[in-house]
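Show me the folded form of this:
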Amino acid sequence: MTTPQLMRLLLPKSLASAGWDIVKSRRDVEGILFDDEDPPESLHPALRAVDGVALGHTHFGQPEIDAALGCAWSGALASDTTTSMWRR
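Numbers count the residues shown, from 1 in each chain. Purely as a prediction, here's the structure:
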């Protein structure tokens, strides 16, 4: 049996505990906390080291997209439970 590849996801502090429970239940996912109150440029080093990012109310503009060259996924969490995503 092969070990699944670990996907590292940058997840906002505002993510509901149910979301963290899902992440913790997955052997193939590592959730990395970031404070979505911090300025977006503070994410740049972390964006270079993860496979994806979920955004709460964090601004994600062209500088963040450029810093996220290794990211495969980005998702924006909305209060009405809809999610928008982009894939690189």
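
Please identify the helix or strand for the residue positioned nearest the centre of the chain.
Most central in the chain under CA atoms, centre = their mean is residue 53, positioned 1.9 Å from the mean C-alpha point. Per DSSP states H and E, residue 53 falls inside strand 52-55.

Could you give me the buried positions within that strand?
52-55 (16 or more other CB atoms under 10 Å). C-beta: built from backbone N, CA, C; applies to glycine.

Which pair of these spans the longest distance?
52 and 55 (10.4 Å; CB to CB).

ok, and what's touching the longest helix seen in the chain?
If you go by DSSP state H, the chain has its longest helix at helix 17-25. Contacts to helix 17-25, defined as CB atoms under 8 Å, 6 or more residues apart in numbering, come from residues 9, 11, 29-31, 54.

Can you name the next helix or strand after that helix?
Following helix 17-25 in sequence, per DSSP H and E, is strand 29-34.
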